[in-house]
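Asker: pasting the sequence and the predicted coordinates here, then a few questions.
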Amino acid sequence: MQKITGRLLSWASLLEENTEQQARTTAAMPFVFPHVALMPDAHLGLGATVGSVIPTLGAVMPAAVGVDIGCGMIAVRTQFTRAELPEDLQPLREQIERAIPLSAGATNRKIVATAAPRIAELETMAEAAGFDPAGALKGWRNQLGTLGSGNHFIEVSVDEEDRVWLFLHSGSRGVGNRIAQRHIAIAKAAMTTWWIELADPDLAYLVEGTPEFDRYVAELRWAQHFALLNREEMMDRVVRQLSEVMGQPVDERERINCHHNFTQREEHWGKSVWVSRKGAIQARTGQLGLIPGSMGTASYVVEGRGNKPSLESSPHGAGRMYSRSAARRTFTHEQLRAAMVGIEYRDTDAFLDEIPAAYKPIDQVMEDARDLVTIRHTLRQVVNVKGD
C-alpha cells in the first residue's frame with residue numbers, strides 16, 4: 001500500500017498517470033470518507049476509476065458503481081479431475097455455446113424451467129420496490145441466463161490439484177445498463193438544477209434523503225440481484241452441459257458467487273457509509289471471492305484478509321493496460337493464437353481486444369494484493385467461451 005494523498009490509498013504498482021489523476025479527482029469529492037482505496041488492477045473508467053473502492057457519506061455517484069450494475073463472478077468446484085475430462089473438449093465448448101446466448105443484446109428464445117422461478121423472484125422484488133423493469137428494458141426476462149460480450153466469459157478450469165472448476169463472469173445485462181444510464185442522467189440533471197460544477201461531470205451524485213436517491217438505490221439493488229441470479233442461471237446450464245458430456249451428475253463441492261460492481265451500506269471507522277466498489281470485491285476476513293485473470297491466464301479463488309485501509313476489499317481481475325481499440329491496433333490474431341495454446345476456444349479475431357497482453361500481468365496484481373487476500377486455489381482454463 002502507498003499513500004498518494006491523504007484521501008487516496010493505492011495498492012497498484014502499475015498505475016498510469018491519467019488513472020491516478022482520475023482517482024485523485026474522485027477522492028476530492030467532499031462526501032468521501034475516509035478515503036478512496038485504489039486496487040492493484042486500477043485503470044481508467046467512466047467518471048470513477050475501475051478498480052476503486054469509494055466510501056461516501058450521504059450521497060452516491062451512480063457512475064462510481066458503473067453501468068454494468070452487479071457484474072461479478074461465479075465458480076463451482078466439481079468432483080471431476082482433468083484426467084476424467086474428454087481429450088477433445090470442443091463438443092463441451094459447443095454445447096455450452098448452444099445452451100447460453102452469447103454476445104451483446106443476445107436473448108433466450110424461451111424462458112426455461114430453471115429461469116422461471118428466478119424471474120418470478122425478480123418480479124416480486126420489483127413490485128415491492130415500486131417499479132417496472134420493463135420501463136428500462138422491455139425484454140429483460142429473456143436476458144436472464146445470457147452472457148454478453150467484452151470481458152465476460154465462461155470457462156472450464158483446473159486447479160493446483162487438477163480438480164475441475166466451472167467459472168463465469170457476467171452482470172445485469174441490458175436492463176442493468178439502462179437503469180444505470182438513466183440514473184447517471186438524473187444525477188447530472190440535479191447538478192445543473194443546483195448550479196453545482198464538478199471537475200468531471202460523470203461524478204454527478206444523488207443526495208441521500210431525496211426521492212431520486214431512494215429510487216436509484218431501490219433499482220440498483222434489484223439490478224444487483226438480477227446479476228447474481230443471471231450468473232446462477234448460467235452456471236446451472238453449464239453444470240447441466242458438463243453432466244451430459246460426463247454421463248453423470250455434477251456433484252457441486254463449492255459454489256461462490258460475488259459482485260464486483262456494486263454499492264451497499266457498511267460500517268467503517270465508526271460511521272455508516274455507502275461503499276461503491278467499481279471493479280473490486282468485498283474481502284472481509286474469511287470471505288471467499290473470485291479474481292479472474294485475462295483470457296488465457298490464471299484465475300484465483302481467494303479468501304479475504306479483512307484489510308481495514310482497503311475497506312475490506314480486493315481487486316476484481318487483471319485490469320486493462322490497452323484500450324480495446326489500442327489492443328486491436330497493437331496485437332495480431334497469431335499472437336492471440338499463441339497465447340491460447342492448450343485452451344479450447346472459438347478461434348476468431350473478434351477476441352483480439354481480449355488478448356492477455358492487453359491486460360496487466362495477473363501475477364503482479366496478485367502480488368500487489370498479498371495483504372488484501374490469501375490465494376486458496378489457482379485455476380487454469382482448459383475451455384474458454386466468449387461472446388463476440
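Answerer: Everything's here; your move.

Asker: lowest-confidence helix or strand of this structure?
Answerer: Of the helices and strands making up the chain, the lowest-confidence element is strand 2-5, at a mean of 73, by mean pLDDT, DSSP states H and E.

Asker: in its sheet, what does it sit against?
Answerer: Looking at strand 2-5 with DSSP bridges, its paired strands and their directions are strand 8-10 (antiparallel).

Asker: buried set for the next helix-or-strand element following the strand it pairs with?
Answerer: The element immediately downstream of strand 8-10 (helix or strand, assigned by DSSP states H and E) is helix 17-27. In terms of neighbour count (16 or more other CB atoms under 10 Å), helix 17-27 has its buried residues at 19-20, 22-27. All C-beta spots, glycine's among them, are computed from the backbone N, C-alpha and C.

Asker: what's the answer for stretch 118-128, then?
Answerer: The neighbour-count criterion (16+ other CB under 10 Å) identifies 118-119, 122, 125-126 as the buried residues of stretch 118-128.

Asker: tell me which of these fall in helices.
Answerer: Under the assignment DSSP state H, the buried residues of stretch 118-128 contribute 118-119, 122, 125-126 to helices.

Asker: and these as TSV, adding pLDDT and distance to Ile74?
Answerer: Shown next, in TSV, are these (pLDDT from 0 to 100; distance: CB to CB, whole Å):
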residue	pLDDT	distance to Ile74
Arg118	98	14
Ile119	97	18
Leu122	98	17
Met125	98	19
Ala126	98	22
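
Asker: from those, which single one is nearest Leu8?
Answerer: Within these, proximity to Leu8 (CB to CB) peaks at Met125, which comes in at 35.9 Å.

Asker: any idea how far Pro55 is from Leu352?
Answerer: When CB to CB, to the nearest Å is applied, the distance between Leu352 and Pro55 equals 37 Å.

Asker: the two - which one has more neighbours?
Answerer: Neighbours around Leu352 and Pro55, counted as other CB atoms under 10 Å, are more numerous at Pro55. The numbers are 22 against 18.

Asker: now do that one, the pLDDT please.
Answerer: For Pro55, the pLDDT comes out at 98.

Asker: same question, Gly150
Answerer: We note a pLDDT of 89 for Gly150 in this prediction.

Asker: now swap in Asp371 and tell me
Answerer: Model confidence at Asp371, expressed as pLDDT, equals 96.

Asker: now do the contacts for the nearest residue to it once chain neighbours are set aside.
Answerer: Leaving out its chain neighbours, the residue that sits closest to Asp371 by CB to CB, 6 or more residues apart in numbering is Asn307, at 5.7 Å. Shown in contact with Asn307 (CB atoms under 8 Å, 6 or more residues apart in numbering): 283, 313, 371-372.

Asker: the stretch 51-200 of the chain: strands as residue ranges?
Answerer: For the stretch 51-200 of the chain, the strands identified by DSSP state E, counting those that start in this stretch occupy 59-60, 72-81, 153-158, 163-170, in order along the chain.

Asker: I'd assumed Pro356 was in contact with Ala327.
Answerer: No. Contact status for Ala327 versus Pro356: not in contact, 10.3 Å apart, counting by CB atoms under 8 Å.

Asker: low pLDDT regions in the protein?
Answerer: 1 (pLDDT under 70).

Asker: quick one, helices of it?
Answerer: Assigned by DSSP H, the helices in the chain fall at 17-27, 90-99, 115-129, 173-193, 211-246, 324-330, 333-339, 362-368.

Asker: what does the last one rub up against?
Answerer: In other words, helix 362-368. 11-14, 40-41, 291, 293-294, 297-300, 315, 317-319, 375.
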